[in-house]
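K.L.:
Below: sequence and its predicted model.
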Number of protein chains: 2
Amino acid sequence: MTISSKQITMAVTLLMSSITAHAMQALPGTPPVPADNPLSAAKIELGKQLFFDPRLSVNGTISCNSCHNVMAGGTDNRNVSIGAKGHKGSRSAPTVWNAAFLSAQFWDGRAATLEDQAKGPILANVEMGMPDKKTVVNRIKTIPGYVQSFKAVFGGKKPVTFDNIIKAIATYERTLITINSPFDRYMRGDTSAMSDAAIQGMKKVQATGCTGCHSGVNFAGPELPVGTGFYQKFPVYPGSKYDRKYKLTADKGRYKVTKNKADMNMWRVPTWRNISLTAPYFHNGSVKDLGEAVRVMARTQLNKTLSKQDVDDIVAFLNSLTGEFPAQTLPRLPDYKNGTLVLP
Amino acid sequence: MTISSKQITMAVTLLMSSITAHAMQALPGTPPVPADNPLSAAKIELGKQLFFDPRLSVNGTISCNSCHNVMAGGTDNRNVSIGAKGHKGSRSAPTVWNAAFLSAQFWDGRAATLEDQAKGPILANVEMGMPDKKTVVNRIKTIPGYVQSFKAVFGGKKPVTFDNIIKAIATYERTLITINSPFDRYMRGDTSAMSDAAIQGMKKVQATGCTGCHSGVNFAGPELPVGTGFYQKFPVYPGSKYDRKYKLTADKGRYKVTKNKADMNMWRVPTWRNISLTAPYFHNGSVKDLGEAVRVMARTQLNKTLSKQDVDDIVAFLNSLTGEFPAQTLPRLPDYKNGTLVLP
């Protein structure tokens, strides 16, 4: 029996993961599910319709999917999104893929759950622009197919409520999981799944210290109780050329939520999963290229300057975190007959 | 053997359809296909990816599907669409469903084919806003998955061309056919497929004269050689209160294309198929309600004033023209790795 260097590396990685709480882990195929919003096939389908339905925006122009494109990496690949009324957002749209595994949502963690998160964009003036919850509910209530589905899924006398709309959307989002990335297959014992460069990169993100934050199944920090969030200051080492070049400190981050000075420029650690597909990078989408994002992070977070080889290897590793995107049917949006709900 | 009144009506309708060139016809399941752009499964799939890909718009915000939503009635249910840069269009987005059966495209028929049509919105400043063909081709060329698919579908040394992009999109659009509407099933002998009101409405659209224009498989005029187009003046009888109320003559229609005075306020006759789902109505989307659209048309085109019962029956008939929307998979857009093509 011969043992390859890949197999040895894997054995060491597996051993490390068994002794380090924060270590790298394969992505599970099933998400954590809150007790008050259990999964069901009908609820997933309803949530999917809502997720793709532009009638959730004030003028019928954008849906959740417009900025969190599940046909792609779960973002719009823009620095900041453009809302229904043409306004630009202030932060880059985070990916919806594997968001189920985060213990807090939004860049600043201001929503504990996917349910809480989904409330935001629908009512935000610069995003979907609906004026209030009542308008949202009234519009959905006017569409007979939705009323029928909400009845079937939620029961009760008034099944179409804002909370139920949100619950259905969050339920669909919870199913957006990308298992079986090359990294995951490697972690499960398939030594051929990752390239040599990616394996080098995997060692380097550990050696450099990146995995101090980017740990856990989602490479977004350790598993924590829902609502906790895992935060880090950015930059930890201010003063580099990058601060100014990419306006890294202009947005105060979690401080805006807590008004606690300790939270100045603190951000929820974002996932590395499918990061190859979610450019541009950082809360303001200021960095277009993944290699540059790696350089910036090493310098600003760990005070290290990486060689070109290091950057290339780390990018190769990050590319091995692109998972399989589950096949889905195109939803059919429930009919509103002989009229329209979305005149200007 | 007893013969129901429904069966008699059907027999008469079928008889009429066999002796009138323009008569009502069931929708075929297969489209006409141009000799220079044959259908293939791979080309349909490629076209579908392009149809849903917001990277065909200058800033990555909208795709063909944004205004021609195939998850719905093939339109955006707005009076006029809003383009990538926030501009409003000047005419209402026509449905993409069954557009394969039209002998000319756009409200003014200025494109002979689906291929010609698809060129327009991508390059129109107020729509997808790409500056020129070269920019479109260069962007698509930068996405390895597309290059591979174009090679497989079109072959040749330079498979990614603007013409091939357009051919793929048109090919996908050609498959967007909604067979088996209640009307189609009725025409094939299922007397229970249409309600009594719809059957009354069917008689009334013939008696009133609506089918003088709204004839053929798509209720958009007789089958004509590609590029011909079937046009009608709107209003034929000017001077009603509707002209002003709905600004019916503000847009000169086909005159803008031909500069021929005879084409002043001439429009391609739009389809009735799925009309229940394509509000608001007319070239300027000025009428929100289908019943009102029926009233306006009777008055402006045939100089007739319909009773409420007539309008209700005709709307019931028009509702029987909603077909089956074929199940589709959600496309997966080809990856562009470690960067983005659509920064502001």
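P.N.:
Arrived safely, thanks for sending.
K.L.:
buried sites along stretch A:202-219?
P.N.:
Neighbour-count burial for stretch A:202-219 flags A:202, A:204-206, A:208, A:210-211, A:213-219 (criterion: 16 or more other C-beta atoms under 10 Å in any protein chain shown). For the C-beta atoms, the positions are set from N, CA and C on the backbone; glycine is no exception.
K.L.:
Other residues contacting that stretch?
P.N.:
By C-beta atoms under 8 Å, 6 or more residues apart in numbering or on different chains, the surrounding residues in contact with stretch A:202-219 are A:9, A:13, A:16, A:22-28, A:98, A:101-102, A:183, A:194, A:220-223, A:230, A:232, A:269, A:271-273, A:297-298, A:301-302, A:304, A:306, A:310, A:313-314, A:317, A:320-321.
K.L.:
Send me it as PDB with only the CA atoms.
P.N.:
Once side chains and other backbone atoms are set aside, the C-alpha atoms of stretch A:202-219 remain, and they are given as PDB (Å, rounded to 0.1, in the frame of the first residue of the first chain):
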ATOM      1  CA  MET A 202      -6.100  25.200   1.800                       C
ATOM      2  CA  LYS A 203      -2.900  24.900   3.900                       C
ATOM      3  CA  LYS A 204      -2.100  28.500   3.300                       C
ATOM      4  CA  VAL A 205      -5.400  29.900   4.500                       C
ATOM      5  CA  GLN A 206      -4.900  28.000   7.700                       C
ATOM      6  CA  ALA A 207      -1.200  29.000   8.000                       C
ATOM      7  CA  THR A 208      -1.900  32.600   7.200                       C
ATOM      8  CA  GLY A 209      -4.700  32.800   9.700                       C
ATOM      9  CA  CYS A 210      -7.700  33.400   7.400                       C
ATOM     10  CA  THR A 211      -9.600  30.500   9.000                       C
ATOM     11  CA  GLY A 212      -9.500  32.200  12.300                       C
ATOM     12  CA  CYS A 213     -12.600  33.900  11.100                       C
ATOM     13  CA  HIS A 214     -13.600  31.900   8.000                       C
ATOM     14  CA  SER A 215     -14.300  28.600   9.700                       C
ATOM     15  CA  GLY A 216     -17.300  26.300  10.100                       C
ATOM     16  CA  VAL A 217     -19.400  24.700   7.400                       C
ATOM     17  CA  ASN A 218     -20.000  28.000   5.700                       C
ATOM     18  CA  PHE A 219     -16.500  29.400   6.200                       C
END
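K.L.:
quick check: mean pLDDT across that stretch?
P.N.:
For stretch A:202-219, the mean pLDDT works out to 96.
K.L.:
Leaving out sequence neighbours, find the closest residue to the spatially most central residue of chain A.
P.N.:
With the centre of chain A defined as its mean C-alpha position, the nearest residue by C-alpha atoms, centre = their mean is A:Thr95, 3.4 Å away. Excluding its sequence neighbours, the residue lying closest to A:Thr95 (C-beta to C-beta, 6 or more residues apart in numbering or on different chains) is A:Gly74, at 3.5 Å.
K.L.:
Give the helix, strand or coil label for the one you found.
P.N.:
Per DSSP: H, G, I helix; E, B strand; the rest coil, the local secondary structure of A:Gly74 is coil.
K.L.:
Got phi/psi on it?
P.N.:
Per-residue torsions, A:Gly74: phi 90, psi 10 (degrees, to the nearest 10).
K.L.:
what residues are up against it?
P.N.:
The contact partners of A:Gly74, by C-beta under 8 Å, 6+ apart, come to A:His68, A:Thr95, A:Val96, A:Trp97, A:Ala99, A:Leu176, A:Asn274, A:Leu277, A:Thr278.
K.L.:
wait, the first one sits on A:Ala93?
P.N.:
Read it as A:His68. Yes: at 6.0 Å, A:His68 and A:Ala93 qualify as touching, with contact defined as C-beta atoms under 8 Å.
K.L.:
okay, and the common contacts of these two?
P.N.:
A:Thr75, A:Asp76.
K.L.:
need the residues of the stretch 51-200 of chain A near chain B, please.
P.N.:
Counting by C-beta under 8 Å from any C-beta of the partner chain, the positions of the stretch 51-200 of chain A adjacent to chain B are A:52, A:54-55, A:59-61, A:66, A:69-73, A:76-79, A:82, A:86.
K.L.:
Buried ones among these?
P.N.:
If we count by 16+ other C-beta under 10 Å, those have these buried: A:52, A:54-55, A:59-61, A:66, A:69-73, A:76-79, A:82.
K.L.:
Give me the subset of those lying in helices.
P.N.:
Residues from those lying in helices, with DSSP state H as the criterion: A:Ser66.
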